[in-house]
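> Just the structure for this:
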Amino acid sequence: MESEGPKGVINDWRRFKLDGVEQPPARRALLRQMSSNREEGLRKMGEQEYQLLQQDDEDSLSLYRRRCMLGMRERLSVGPTFDTVEELRGAEHFLEVVEKEKRSTLVVVHIYQHGVRGCEEMNSSLDCLAAEYPSVRFCRIDGMATGATEHFSSDVLPTLLVYKAGELLGNFLSVTQHLNQEFFATDVEALLNQYGLLPEKELTASPGEGEEQEEAQVE
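Next comes the predicted model:
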């Protein structure tokens with residue numbers, strides 16, 4: 001989309017309606033005429049054009065705004081995205097991730113051990129959060145693979161470590177002590193947000209969401 005000020009936005013909106021939503025033949029012809037000539041698009045809207053834009057339903061306008069926001073986010077985004085929890089292979093891999101990741105990237109590491117209460121639930125919670133915070137690098141590592149079992153015995157697991165630019169920002173030993181016996185991703189998210197350790201949640205669209213909304217409008 002090429003939005004050059006308010007008039008450019010109007011032209012983008014006209015093209016969006018023309019391409020994305022089925023229109024009655026007469027209305028579609030008028031909309032095509034309005035969108036085909038950029039110079040004509042820069043003149044003041046006539047009464048007929050204004051009435052046509054006024055008739056557009058709120059769902060279409062909401063979808064258009066959402067697409068504009070997503071496009072703006074994509075243009076402004078300069079960091080990597082991850083989307084999933086990464087299994088660290090050992091101590092060297094752990095140090096490499098913490099020390100060599102981009103300085104602007106937040107790294108959350110879960111140290112776990114099979115059979116320890118809360119570790120499986122924490123893994124499931126981080127799987128959910130990784131999808132909701134794609135700019136955060138979520139990782140996990142078995143305590144036995146860290147090479148520092150004296151520091152990460154089963155007594156202090158599950159443990160969450162939060163790093164940025166190589167510095168340790170959060171150290172949650174026995175993190176389940178901060179949570180209810182039964183906890184979920186939202187509880188872990190609330191705990192990290194309590195200490196300011198998560199960025200603002202990004203606006204994302206699930207696969208097919210835009211198409212589903214468009215189909216609903218056409219029906």
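
> Run a quick neighbour tally on the closest residue to Asp127 other than its chain neighbours.
Distances taken as Cβ to Cβ, 6 or more residues apart in numbering place Val85 nearest to Asp127, at 5.6 Å, with adjacent residues excluded. (Each C-beta comes from the backbone N, C-alpha and C, glycine too.) Each residue near Val85 was counted by other Cβ atoms under 10 Å, and the total is 21.

> which residues sit in contact with Val85?
Listed by Cβ atoms under 8 Å, 6 or more residues apart in numbering, the contact partners of Val85 are 110, 123, 126-127, 130, 138-140.

> Show the pLDDT at it.
If you check Val85, the pLDDT there is 97.

> circling back to that earlier point, by neighbours, which of the contacts of Val85 wins?
Leu126 (26 neighbours).

> where do the helices sit along the protein?
Along the chain, the stretches classed as helices by DSSP state H are 5-20, 25-36, 38-42, 47-55, 58-76, 91-100, 119-132, 185-194, 209-218.

> Report the rounded mean pLDDT for the fifth one.
By that I understand helix 58-76. 67.

> quick one: Phe94 from Val162, how far?
Applying Cβ to Cβ, to the nearest Å, the value for Phe94 to Val162 is 14 Å.

> Name the residues contacting each of these two.
Counting by Cβ under 8 Å, 6+ apart, the contacts common to Phe94 and Val162 are Val109.

> remind me which residues of this structure are low pLDDT?
Along the chain, the model assigns pLDDT under 70 to residues 1-61, 70-79, 202-219.

> 50 instead, please
For the chain, the stretches with pLDDT under 50 are 1, 38, 41-42, 204-207, 210-211, 213-219.

> mind checking how far the closest residue to Val136 other than its chain neighbours is from Val175?
Distance criterion Cβ to Cβ, 6+ apart; nearest residue to Val136, sequence neighbours excluded, is Leu106 at 4.8 Å. Taking Cβ to Cβ as the measure, Leu106 and Val175 are separated by 17 Å.

> and if you look at Glu101?
When distances are taken as Cβ to Cβ, Glu101 and Val175 turn out to be 21 Å apart.

> Between these two, tell me which one has more neighbours.
Under the criterion of other Cβ under 10 Å, the comparison of Glu101 against Val175 puts Val175 first, with 24 against 18.

> What is the neighbour count of Leu129?
As a burial measure, Leu129 scores 19 neighbours (other Cβ under 10 Å).

> what do you get for Gly118?
What Gly118 shows, counting by other Cβ under 10 Å, is a neighbour count of 19.

> what does the one 4 residues further on give?
Residues lying near Met122 (other Cβ under 10 Å) number 24.

> OK, contacts around it?
The neighbourhood of Met122, defined by Cβ under 8 Å, 6+ apart, consists of 110, 112, 158, 160, 175-176, 188.

> One more: Thr176?
117-118, 122, 158, 183.

> Need those in TSV (columns: distance to Leu168).
Conversion of these to TSV gives the following (distance: Cβ to Cβ, whole Å):
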residue	distance to Leu168
Arg117	25
Gly118	21
Met122	18
Pro158	17
Phe183	23
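
> Show me which of these is closest to Phe152.
Ranking the contacts of Thr176 by separation from Phe152, with Cβ to Cβ as the measure, puts Pro158 on top at 9.8 Å.
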